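Asker: sequence and predicted structure below; questions after.
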Amino acid sequence: MKRVILVIVALTTLLSCSSDDNTSTNTPTLPTAVNIGTLIFLKNDYNYIGFSNFSDTNRMQFEYNSNNQITAMLGGLEVYGNFDSFENYRFNESVVNNITYNGNIVTVKNPFKFTMYFTSEENYIDYEISNGQLLSRTFYGGSYQTPVTYTYEYSGNTINEYEGTMLKRTFYLENDNLTKIDLFIYDSSTNEISSKRQFTFENYNDTENLLKDKYFIDGAFLKAFSENNFSKFGYQDYTYENGTFVMDGSHFYYEFSYDPVWNNTYSLFDIN
């Protein structure tokens, strides 16, 4: 009888430990802030905001609800002076963007693309996200007199972005990380592709990207497709001639001056 009791106690202890291990393993690491200097703010999906505008110590803080969902971004970019200049942006810790959830729809009020020009609470973007995949983005307000929706189709390691039936961008992934994006430019008179800008993302390390699938975070849209963190970003322009893309002279590359690792002085994320 004593042997039976001892076996029961041992099995109970083992199952309890196993349960504890599973609980700790499944607990997500939640970032309390992100280094804003490692984000990429695109003014119109074509032009980026210069990295020299930010300090490595600028942090965008996050607030959470009881479901571990980000409900607010505290701190972000503001425009000053002539908003047509790509240099007239600066970090302001008082910038607040609120986030709400309704099923698969994540809504962001007054994201960066709107706060450049508008301040009305009616400006917002809906992101439809299912199982970590971005299915659509819909823009409301501002210069959008009617809502504009972008949809996403997945095929292997590529993702195509459409506005209606028009292909806008193709995203390419390798080893669960975004490596390049082709942004297509169309001739306004013929609606035919006339050129493209190819963005590249390089020098990934093995640190976890805590903004994976967080497409709705300002400046993190392009990071959200990747499991890990890159430290080199750039683009190259191409013209479309006789059915072939030909490289032209317009290009840009930026490499972070530090390694984006956990213990670096200017780490990517702050965590609890």
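Answerer: Yes, it's here. Numbering: from 1, shown residues only.
Asker: got a list of what Lys223 touches?
Answerer: Lys223 makes contact with Thr38, Leu39, Ile40, Asn209, Leu211, Lys212, Asn229, Phe230 under the criterion CB atoms under 8 Å, 6 or more residues apart in numbering. Using the backbone N, CA and C atoms, a C-beta is placed for each residue, glycine as well.
Asker: distance of the fifth one from Asn123?
Answerer: With distances taken as CB to CB, to the nearest Å, Leu211 is found 23 Å from Asn123.
Asker: nearest to Val96, of the contacts of Lys223?
Answerer: Comparing the contacts of Lys223 against Val96 with CB to CB places Leu39 closest, at 16.7 Å.
Asker: state the three-state secondary structure for the nearest residue to that closest one once chain neighbours are set aside.
Answerer: Using CB to CB, 6 or more residues apart in numbering and skipping the chain neighbours, the partner closest in space to Leu39 is Gly219 (3.1 Å). Three-state assignment for Gly219 (DSSP: H, G, I helix; E, B strand; the rest coil): coil.
Asker: from memory Gly219 sits against Tyr48, does it?
Answerer: No: judged on CB atoms under 8 Å, Gly219 makes no contact with Tyr48 at a distance of 9.9 Å.
Asker: quick one: which of these two has more around it?
Answerer: Per other CB atoms under 10 Å, whichever of Gly219 and Tyr48 has more neighbours is Gly219, with 24 against 20.
Asker: Ser250: neighbour count?
Answerer: Neighbour number of Ser250 under other CB under 10 Å is 12.
Asker: return the residues in contact with the residue nearest to Leu39.
Answerer: Contacts of Gly219 by CB under 8 Å, 6+ apart are Ile36, Leu39, Ile40, Phe41, Met60, Gly76, Leu77, Phe112.
Asker: neighbour-wise, which one of these leads?
Answerer: Greatest neighbour count in the contacts of Gly219, by other CB under 10 Å, goes to Gly76: 26 neighbours.
Asker: isn't there a strand covering that residue?
Answerer: Yes: judged by three-state DSSP, Gly76 forms part of a strand.
Asker: secondary structure element for the nearest residue to it once chain neighbours are set aside?
Answerer: Leaving aside its chain neighbours, Gly76 sits nearest to Val95 (3.8 Å; criterion: CB to CB, 6+ apart). Using DSSP states H and E, Val95 sits within strand 89-102.
Asker: quick one: that strand to chain centroid distance?
Answerer: 14 Å (CA atoms, centre = their mean, to the nearest Å).
Asker: all numbers from here: first residue = 479
Answerer: With 479 as the first residue, the last one maps to strand 567-580.
Asker: quick one: Ile577 and Thr585 touch, right?
Answerer: Yes: contact criterion CB under 8 Å: Ile577 and Thr585 qualify, at 6.9 Å.
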